[in-house]
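Colleague: Show me how the following folds:
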Amino acid sequence: MTSQDSSSSSADDHNIPGVLSDCGQYAYCAICAVALHQLFQDDKSFSEQCLNRVLEHIAPPDQIFRAIRALSEGHGCLTADAFLDSLRNEDVLHGNLQPLADELVTTALKSGVYDARWRVFIKRVAWLLCLNWERVEQFEQGIVCMLKETEGMSREETEERLRRDRGRKVRRYLLIGLAAVGGGTLIGLTGGLAAPLVAAGAGAVLGGGSAAILGSAAGIAVIGSMFGVAGAGLGGYKMQKRVGAIEEFEFDTLTEGSDLHITIAVSGWLPQENPDFRVAWQTLRNSHEQYTVKWESKYLSQLGQAIEYIMSFAVSVAAQQALQFTILGGLLAAIAWPSTLVSVASVIDNPWSVALKRAENAGRMLADVLLSRRQGHRPVTLIGFSVGARLIFSCLQEMAKRSQCEGIVEDVILLGAPVTGSIAEWSSLSKVIAGKVVNGFCRTDWFLKFVYRTTSVQMNVAGLRPVRWEDRRMWNIDLTEVISGHLDYGKKMDAILHVVGLRTSYGGGIAPSTPTSRSRLGLLTGPSDSVDSGLAASPSPRADTASPELSSTSDEQQHDDGTHTTQP
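Modeller: Just a heads-up that it's a prediction; the model follows:
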């Protein structure tokens, strides 16, 4: 038996707080406190609530409570090195710290709400513990897998299954978690997850005290609440009646699966050759349960036709030569547009304006859906390009105006976003976004510059340049070396997804927080001099360990506009 197997047997079959020494409990709580301080200095209420739940679950000796709370407030040692060494020396763990992150997942699930902030917190703790985030995702998927296995069982059968499985090595069983549910629909559902869920089986993948709570009869309703109302997942959502100027708004299933976190993708236009909202996202594998927003097909088809026409027209010899010259001279400088291009501007101006207006209205509808918890109580990642990014931005702005908007959205990825780069506008989203917000921009996107040619905001469009919001959530990723213009957001999505750190079905992608050298192309820019200024804004636990959002394997280079980009 390997040391890892031994640690799985020792740690997973018991409640973690019951097997750690006092020193180990202190180190565990301390790392949690450090993570909370790094992430949620602007959300003291959640930080305190989260720490209280961790301390209540671990129940360390009373004398260390004050020291742990001081760490969460930024006092004392704020690096994880010493605490990490203490945990590695715990006899019961045998150097395998994976059960510590898994224990936090079960702690988060006890209330029946998987808050997005909790998942970001767990992700940070896993990084501080130098763990592979994909292993934590396998644990999450294992919980879903066990729910599926106990579907249809009577209470007596489920309790017998629970007793029988308590002696099994949980981690070994969880290794099949991803494969077991990858292609199927959980619990006989169509579209989104729904009740009834027989949650007692969750106890088979949770240890000790966690199993006692989540694997009980009372836990059935608790876990079931995370997945939404019966028969009413996102896949079954349709707009009941026309709302304002919106004629179409519904969700289409992108990947058949079930997960403790979901992804919603929003397209910015429909291509003429294949007017399907799923086309651009066909390789996206950020989570097992993914949806696309099907909205205003008629107008997005018209926009797609207009974009393709104006782009093909620009390829004509006269216009193309002029544009190449201005691009090489600096796109963001004031330029005189070629008269041949301006003469056909009406082809794009009207459908573009219509699409932007409808994106704002559709964004408010998406906000209504998310705030009503139609998706259940699970973290949501939003990703969109072009006008689809505008829809998401509008959604976030609307959510920020409402109460109880916190803990729903985990990460946001906006690509070629036709939205303002105003710091005031972006900073208002801080209470909505728990994890990171990525602004993927292209410095040579002349199309985006062209459609804003008559407005005063053209020099501050997020899709053209970095957003200078000094916040750990903000990441600016320069896609100029990946795409050549706006049309490529729809055509080269797989390459873009890889660069921004999302998994794809081609195997080129990565886990959302797995250390990677995605800065190899010199694409990642931060709002400040530190490469840790985004979600990873913290001291690294080890010099050779990458942050959850960035593997800093490249040299940093300062641009003329003051931004910083990593270079190979």
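
Colleague: And the strands in this structure?
Modeller: 249-255, 262-266, 289-295, 380-385, 409-415, 437-441, 474-478, 524-526, 555-558, 564-567 (DSSP state E).

Colleague: Give me the buried stretch members for stretch 475-495, please.
Modeller: 475-480, 482-483, 485-490, 492-495 (16 or more other C-beta atoms under 10 Å). Quick note: C-beta positions are derived from backbone N, CA and C, even for glycine.

Colleague: on that earlier part again, to E103, which of the strands of the chain lies closest?
Modeller: Nearest to E103 among the strands of the chain is strand 409-415 (20.2 Å), distances taken as C-beta to C-beta.

Colleague: Name the nearest residue to I477, sequence neighbours excluded.
Modeller: Residue nearest to I477 in three dimensions, not counting chain neighbours: G440, with 4.9 Å by C-beta to C-beta, 6 or more residues apart in numbering.

Colleague: number of nearby residues for that neighbour?
Modeller: By other C-beta atoms under 10 Å, 26 other residues sit near G440.

Colleague: surely it meets L479?
Modeller: Yes: contact criterion C-beta atoms under 8 Å: G440 and L479 qualify, at 5.1 Å.

Colleague: between these two, what contacts are shared?
Modeller: L415, I496, V499 (C-beta atoms under 8 Å, 6 or more residues apart in numbering).

Colleague: Highest neighbour count among those?
Modeller: Within the shared contacts of G440 and L479, most neighbours by other C-beta under 10 Å means L415, with 27 neighbours.

Colleague: Thought G384 was touching that one, still the case?
Modeller: Yes: assessed by C-beta under 8 Å, L415 is found in contact with G384 at 7.0 Å.

Colleague: Look up the residues forming beta bridges with N476.
Modeller: N476 forms beta bridges with N439, T525, as assigned by DSSP bridges.

Colleague: Quick check: it touching N439?
Modeller: Yes: using C-beta under 8 Å, N476 is in contact with N439, at 4.9 Å.

Colleague: if I look at these two, which residues touch both of them?
Modeller: Between them, N476 and N439 share the contacting residues P466, V467, judged by C-beta under 8 Å, 6+ apart.

Colleague: And the closest residue to R285 other than its chain neighbours, how far from S258?
Modeller: Counting by C-beta to C-beta, 6+ apart, R503 is the residue found nearest to R285 once chain neighbours are left out, at 4.4 Å. Distance, R503 to S258, by C-beta to C-beta, to the nearest Å: 17 Å.

Colleague: what is the mean pLDDT for stretch 475-486?
Modeller: Throughout stretch 475-486, pLDDT has a mean value of 94.

Colleague: What of stretch 47-61?
Modeller: Stretch 47-61 shows a mean pLDDT of 91.

Colleague: on that earlier part again, including distance to E140, could the strands of the chain go into CSV?
Modeller: Listed next are the strands of the chain as CSV, based on distance: least, C-beta to C-beta, whole Å:
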stretch, distance to E140
strand 249-255, 16
strand 262-266, 12
strand 289-295, 11
strand 380-385, 14
strand 409-415, 13
strand 437-441, 22
strand 474-478, 24
strand 524-526, 27
strand 555-558, 34
strand 564-567, 30
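
Colleague: contacting residues for the residue nearest to I477?
Modeller: I413, L414, L415, G416, A417, I477, L479, I496, V499, V500.

Colleague: Tell me how far it lies from L497.
Modeller: 10 Å.

Colleague: ditto for I483
Modeller: From I483 to L497 the distance is 12 Å (C-beta to C-beta).

Colleague: what's the answer for M365, then?
Modeller: Using C-beta to C-beta, M365 is found at 25 Å from L497.

Colleague: who has more neighbours, the two?
Modeller: L497 (26 against 20).

Colleague: Would you agree the more buried one is in contact with S505?
Modeller: No: judged on C-beta under 8 Å, L497 makes no contact with S505 at a distance of 10.0 Å.

Colleague: Would you mind confirming that N286 makes contact with L502?
Modeller: Yes: N286 lies in contact with L502 (C-beta under 8 Å); the separation is 4.8 Å.

Colleague: For the stretch 1-150 of the chain, which segments count as helices?
Modeller: With DSSP state H, counting those that start in this stretch as the definition, the stretch 1-150 of the chain shows helices at residue ranges 3-7, 16-19, 22-39, 44-58, 65-72, 81-88, 98-109, 116-128, 133-149.

Colleague: Tell me where the stretch 351-500 of the chain has helices.
Modeller: Going by DSSP H, counting those that start in this stretch, the stretch 351-500 of the chain shows helices at 387-400, 423-427, 446-451, 488-491, 493-500.

Colleague: got a pLDDT number for A265?
Modeller: Looking at A265, its pLDDT is 97.

Colleague: Is it in contact with Q290, as I believe?
Modeller: Yes: in this structure, A265 is within contact of Q290 by C-beta under 8 Å, at 6.8 Å.

Colleague: shared neighbours of those two, which are they?
Modeller: Residues touching both A265 and Q290 (C-beta under 8 Å, 6+ apart) are L254, W281, L284.

Colleague: so which of those residues is the most crowded?
Modeller: W281 (26 neighbours).

Colleague: give the contact list for the residue lying closest to that residue once chain neighbours are set aside.
Modeller: Distances taken as C-beta to C-beta, 6+ apart place A265 nearest to W281, at 4.5 Å, with adjacent residues excluded. Contacts for A265 (C-beta under 8 Å, 6+ apart) come out as L254, A280, W281, L284, Q290, Y291, T292, V293, I383, G384, G388.

Colleague: K449 and R465 touch, don't they?
Modeller: No: in terms of C-beta under 8 Å, K449 does not count as a neighbour of R465; the distance is 10.4 Å.

Colleague: Common neighbours of L497 and S505, please.
Modeller: Joint contacts of L497 and S505 (C-beta under 8 Å, 6+ apart) are T283, L284.

Colleague: which sections of the chain are below the confidence cut-off?
Modeller: Applying pLDDT under 70 to the chain picks out residues 1-18, 146-233, 235-244, 313-347, 453-459, 507-568.

Colleague: Kindly recompute the last result at 50.
Modeller: The chain contains residues with pLDDT under 50 at 1-14, 167-214, 216-218, 220-221, 229-232, 317-319, 327-335, 508-523, 527-546, 550-568.

Colleague: Ends of stretch 468-486, what's the gap?
Modeller: Start and end residues of stretch 468-486 are separated by 22 Å (C-alpha to C-alpha, to the nearest Å).

Colleague: same check, this time on stretch 28-48
Modeller: In stretch 28-48, first residue to last residue: 16 Å (C-alpha to C-alpha).

Colleague: Please identify which of the strands of the chain is closest to R119.
Modeller: Among the strands of the chain, strand 409-415 comes nearest to R119, with 5.8 Å by C-beta to C-beta.

Colleague: For F65, which non-adjacent residue is closest in space?
Modeller: Excluding the flanking residues, the one nearest F65 by C-beta to C-beta, 6+ apart is L55, at 6.6 Å.

Colleague: Now do that neighbour: how many residues are near it, please.
Modeller: Using other C-beta under 10 Å, L55 is surrounded by 20 other residues.
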